[in-house]
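**Student:** After the sequence you'll find the predicted model.
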Amino acid sequence: MTQAEIAPRDRLIVGLDLPNPEAAEAMVNRLGDSVTFYKIGYRLAYAGGLPLVGKLADQGKKVFLDLKLHDIGNTVTQGVQSITKLGATFLTVHAYPQTLKAAVEGRTGSSLRILAVTVLTSYNDDDLHAAGYRLGVSELVEARAQQAQVLGVDGLVCAPEEAGNLRKIVGHQMNLVTPGIRPAGSAAGDQKRIMTPGRAIAAGADYLVVARPVVEAADPKATAEAIQAEIAQALT
Ligand SMILES: O=c1ccn([C@@H]2O[C@H](COP(=O)(O)O)[C@@H](O)[C@H]2O)c(=O)[nH]1
């Protein structure tokens with residue numbers, strides 16, 4: 001689905017970074033019809049949250065399973081094959097060529113789409129250098145995006161500030177999914193490459209991932225709807 005075809009409301013992916021399935025289901029009920037797309041990451045998945053993927057899919061919601069897989073190729077392929085049965089729309093893997101190739105092989109014949117995590121949005125150039133990388137964030141993101149495209153990956157996770165450049169490189173066939181979203185006035189927390197929802201959409205992001213600013217808000221539904229309104233405004 002290209003950027004123009006995704007409804008503004010469906011571009012917000014709320015991260016269910018909550019301690020257990022009960023808390024996550026309570027949040028989903030609170031958000032009601034407003035939110036159509038959810039992300040399940042480490043915290044919830046490792047606290048018994050995986051069955052929620054199918055439950056949410058049965059309710060007509062889409063699920064982004066943010067497991068950021070990275071292992072030897074055979075293990076990644078087999079893991080992804082198991083995950084294809086859960087009913088998720090997106091699955092993340094780290095953007096290493098062996099891992100990307102193995103994940104694409106594992107999802108063959110299913111509707112699961114693989115997203116390559118280029119460089120985590122909590123990293124800046126100094127963090128990459130401290131981890132032993134020679135390249136800075138923008139160069140590494142670009143190199144990994146090009147590798148992902150060649151290997152047939154379906155989309156990229158990047159910071160909103162990279163979306164414009166990546167769109168020029170990969171065109172409209174790959175989804176650009178951006179965490180690091182902060183409505184004006186929200187605390188950045190541990191995120192280092194951030195943008196507001198409106199600016200992220202204007203930069204070319206297809207989907208925005210937002211967790212703490214929504215799930216920790218006094219009124220999560222009103223916060224989610226305000227983000228969706230900002231998305232719609234940026235698309236006009
Ligand atoms: O580069 C990345 C990849 C994944 N994430 C995940 O997105 C959410 C963001 O949460 P906030 O509370 O809105 O900061 C979180 O689940 C991360 O694991 C990311 O932030 N950056």
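**Tutor:** Yep, that arrived.
**Student:** Skipping adjacent residues, who's closest to Gln149 in space?
**Tutor:** Val170 (5.0 Å; CB to CB, 6 or more residues apart in numbering). C-beta coordinates here come from the backbone N, C-alpha and C atoms, glycine included.
**Student:** The ligand versus that neighbour, what's the distance?
**Tutor:** Val170 sits 17 Å away from the ligand, taking CB to the nearest ligand atom, to the nearest Å as the criterion.
**Student:** Just list the residues touching that residue, thanks.
**Tutor:** Val170 makes contact with Ala145, Gln146, Ala148, Gln149, Leu156, Leu176, according to CB atoms under 8 Å, 6 or more residues apart in numbering.
**Student:** ok, of those, which come out buried?
**Tutor:** Buried members of the contacts of Val170, counted by 16 or more other CB atoms under 10 Å: Ala145, Ala148, Gln149, Leu156, Leu176.
**Student:** Quick one: name the residues of the chain near the ligand.
**Tutor:** Applying CB under 6 Å from any ligand atom, we find that the chain lies next to the ligand at 15, 17, 41, 66, 117, 120-121, 157, 179, 189, 191, 209-213.
**Student:** Next step: those restricted to helices.
**Tutor:** Arg212, Pro213 (DSSP state H).
**Student:** Can you tell me which of the residues of the chain next to the ligand is closest to Thr89?
**Tutor:** Nearest to Thr89 out of those is Asp66 (CB to CB; 11.6 Å).
**Student:** May I ask you to confirm that that closest one is in contact with Tyr38?
**Tutor:** No. Counting by CB atoms under 8 Å, Asp66 stays clear of Tyr38, with 10.3 Å between them.
**Student:** Find the residues that touch each one of the two.
**Tutor:** The contact sets of Asp66 and Tyr38 overlap at Gly15 (CB under 8 Å, 6+ apart).
**Student:** what packs against the helix or strand where Thr99 lies?
**Tutor:** In this assignment (DSSP states H and E), Thr99 forms part of helix 97-107. Here helix 97-107 touches helix 73-83, strand 90-94, strand 113-117, helix 137-150, going by 3 or more CB pairs under 8 Å, 6 or more residues apart in numbering; DSSP states H and E.
**Student:** export the ones you listed to CSV and tack on mean pLDDT?
**Tutor:** Shown next, in CSV, are the helices and strands packed on helix 97-107 (pLDDT from 0 to 100):
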stretch, mean pLDDT
helix 73-83, 98
strand 90-94, 98
strand 113-117, 98
helix 137-150, 98
